[in-house]
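In: Structure for the following, please:
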Amino acid sequence: MKITQESISDLNLLLNLTIEPEDYQPELNSELKSIRKDAQFKGFRKGQVPVGLLRKMYGEKILIDRINKVLGESLNNYIKEKELKVFMEPIPADKEQKLLLQPSQAKNYEFAFEVALKPNITVNAKDCTVEQMEIVISEDDVNEHVANLRTRFGQRVDAEDLIQDKDMLNVTFIEVNEEGEAVEDGINKETALFVEYFNEDVQDELLDMKAGDSRNIKPFDDLKKDEDAVASVVLGIKEVVDMEALQAKSFKMNIDKVSRMAPASLDADFFGKLFPQEDLESTGVITEQDFRTRIKEEMSKAYKEATNNRFYEDIRTALISNVSMELPTDFLKKYLLLQNKETTPEILEVEYPTVEESIKWSLIRNQISEDHKIELSPEQVEDKALEDIQNYFQKSMGYIPLDADYDPLVKQQLQNEEYRTKLVTNMVEEKVMDVLKKEVSVTEKQMPLADFIKLTEKERDEANEKAKAIREAAENKAVTADVE
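Out: Predicted coordinates for the structure are as follows:
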């Protein structure tokens, strides 16, 4: 095996590999001899089949396996011997020619691979200033949350008064003609719809109505549902022959019944539904005020997790902007295209900035892990896998079996390479964040819950718009490329 090295750029190398006959012929001949011992071909005694015939039948497969093994081992050994700090896997170079295998001949096989070198980076988190947000939960916030919980765990009751915006209506749609009379053998369908399913102008009229009232309606115009849902769910027509004709039909809608959720009472039964696995007395949830205090604690805990995630994301963003690094861009684009066959160069060109940020963070995280000698013991990984399994039981069953034998489950889970890699990466990231929280400069800011919700909704909408713009730009580039 011969390997030569060329420089494509400061962070991109070309490795030329030459596999010589001595790298594969001994194993090829040995494998053919092994096959010959048990080979039984018509016209030949067992063990007497000519090697040339076996070479013609099995030689190419054996040669492919041997060459792949030699390539992998040689690349890894060369990278270790030369102490090349690579990241990402090597990729075939553009100049690689189609391989012509000839098992019957002793010849050289040449390959070329590109490798990417890690950039030298210095991480100084003390230069970064990050905002740590604290959510202020008011009594009004608690009251609103409690009201929502009471509605969620309440009971549906019939209502005789005027319709309200959260009510559910049991209605009958009766097909009528231009005079408002029922069409003989026309559509007559009972269904249930929430008030919010109707368009706003219809909702306004419904709020002045009650059970027993009726109004004319055109379902396809007056409901916030797509035409297939109106046809199949509202009108009960599973197979539409003429959608245009169906949309033109008029209906009388009888409001047969109105029902709404009656809020759950603030009593021990309600508290027990919210905290089913707890001894209410031991947790202090025995009075309405105790309950409200506990709800506020749970809300604070949930939003603390949200603000922590935001804090971590802000640290990540700050470091990506702060740490100077060059990347082997051409190599990375080739690598990404090879990894995702459905991605085109035009789409990648649009999406690459986002991917590049992720790559930069991965390099920064690994550098911090190396600088601070962050390591995980097998026991730590197993404990985290056990925690994941127990959390799964808690969410799916509502409790954690205490007498279960978790060892086989942990072992099986960690044999899944994808799960294990993700688990270890997340654990390292948590430790990295623990380091960074102590090093970055932090400014604290309090924000009312209502303002925080508005902020996150605004940012979510902006992120969705950005993602939509990226998709559209990628599609436009793809269309342009097809035209050209």
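
In: Tell me how many other residues crowd Glu83.
Out: As a burial measure, Glu83 scores 6 neighbours (other Cβ atoms under 10 Å). The C-beta positions use only the backbone N, C-alpha and C, and glycine is treated the same way.

In: Correct me if wrong, but it is in a helix.
Out: No: secondary structure assignment places Glu83 outside any helix; it is coil (DSSP: H, G, I helix; E, B strand; the rest coil).

In: Would you mind measuring from it to Leu117?
Out: 11 Å (Cβ to Cβ, to the nearest Å).

In: ok, now Asp213?
Out: Counting by Cβ to Cβ, the gap between Asp213 and Leu117 amounts to 76 Å.

In: try Arg316
Out: Applying Cβ to Cβ, the value for Arg316 to Leu117 is 23 Å.

In: next one: Ile400
Out: Relative to Leu117, Ile400 is positioned 47 Å away (Cβ to Cβ).

In: before we move on, back to that, which of Arg316 and Leu117 has more neighbours?
Out: Here Arg316 and Leu117 are set side by side on neighbour count (other Cβ under 10 Å), and the busier one is Arg316, at 21 against 18.

In: which ones are touching the more buried one?
Out: Each residue near Arg316 by Cβ atoms under 8 Å, 6 or more residues apart in numbering is listed here: Trp361.

In: Check it and give its pLDDT.
Out: Each residue has a pLDDT score; the one for Arg316 is 94.

In: Same question for Ala481.
Out: Predicted confidence (pLDDT) at Ala481: the value is 54.

In: What ranges in the chain fall below the confidence cut-off?
Out: Counting by pLDDT under 70, the chain shows low-confidence ranges at 94-98, 276-285, 398-399, 477-484.

In: Closest to the centroid, which residue in it?
Out: Centre of the chain computed as the mean C-alpha position; nearest residue by Cα atoms, centre = their mean is Lys422, 12.2 Å away.

In: and Ser30, how many neighbours does it have?
Out: Ser30 sits with 11 neighbouring residues when counted by other Cβ under 10 Å.

In: same check, this time on Pro378
Out: In terms of burial, Pro378 registers 8 neighbours under the definition other Cβ under 10 Å.

In: which element is the residue nearest to the centre of the chain on?
Out: Lys422 is part of helix 417-439 when elements are defined by DSSP states H and E.

In: Now do the helix or strand in which Gly272 is found: distance to the chain's middle.
Out: Following DSSP H and E, one finds Gly272 within helix 268-274. Once both centres are worked out by Cα atoms, centre = their mean, to the nearest Å, helix 268-274 turns out to sit 34 Å from its chain's centre.

In: again, but for stretch 172-182
Out: In this view, stretch 172-182 has its centroid 49 Å away from the chain centroid, taken as Cα atoms, centre = their mean.

In: ok, and for that stretch, which residues are buried?
Out: Of the residues in stretch 172-182, 173-176 count as buried by neighbour count, 16 or more other Cβ atoms under 10 Å.

In: hang on, Met88 packs against Leu336?
Out: No: counting by Cβ atoms under 8 Å, Met88 stays clear of Leu336, with 9.4 Å between them.

In: which helices and strands does the helix holding Gly272 pack with?
Out: For helix 268-274, the elements it packs on are helix 280-283, judged by 3 or more Cβ pairs under 8 Å, 6 or more residues apart in numbering; DSSP states H and E.

In: in the helix or strand following the helix it packs on, what's buried?
Out: Of the helices and strands lying after helix 280-283 in sequence (DSSP H and E), the nearest is helix 288-322. Within helix 288-322, the residues scored as buried using 16+ other Cβ under 10 Å are 291-292, 294-296, 299, 303, 307, 310-312, 314-316, 318-320.

In: From the chain's centre, how far out is helix 288-322? Work that out for me.
Out: Per Cα atoms, centre = their mean, the centroid offset for helix 288-322 relative to its chain is 21 Å.

In: between that helix and helix 417-439, how big is the angle?
Out: An angle of 90 degrees separates the directions of helix 288-322 and helix 417-439 when computed by axes from the mean of the first three to the mean of the last three Cα atoms, to 10 degrees.

In: and the helix or strand just after helix 288-322, C-alpha only, in CSV?
Out: Next in sequence after helix 288-322, counting helices and strands by DSSP H and E, comes helix 329-339. Extracted as CSV, the C-alpha positions of helix 329-339 are listed here (Å, rounded to 0.1, in the frame of the first residue of the first chain):
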residue,chain,number,x,y,z
THR,A,329,-16.5,24.9,2.5
ASP,A,330,-16.0,23.1,-0.8
PHE,A,331,-15.3,19.8,1.0
LEU,A,332,-18.3,20.2,3.3
LYS,A,333,-20.7,20.8,0.4
LYS,A,334,-19.5,17.7,-1.4
TYR,A,335,-19.8,15.8,1.8
LEU,A,336,-23.4,17.0,2.5
LEU,A,337,-24.4,16.1,-1.1
LEU,A,338,-23.1,12.6,-0.7
GLN,A,339,-24.8,12.1,2.6
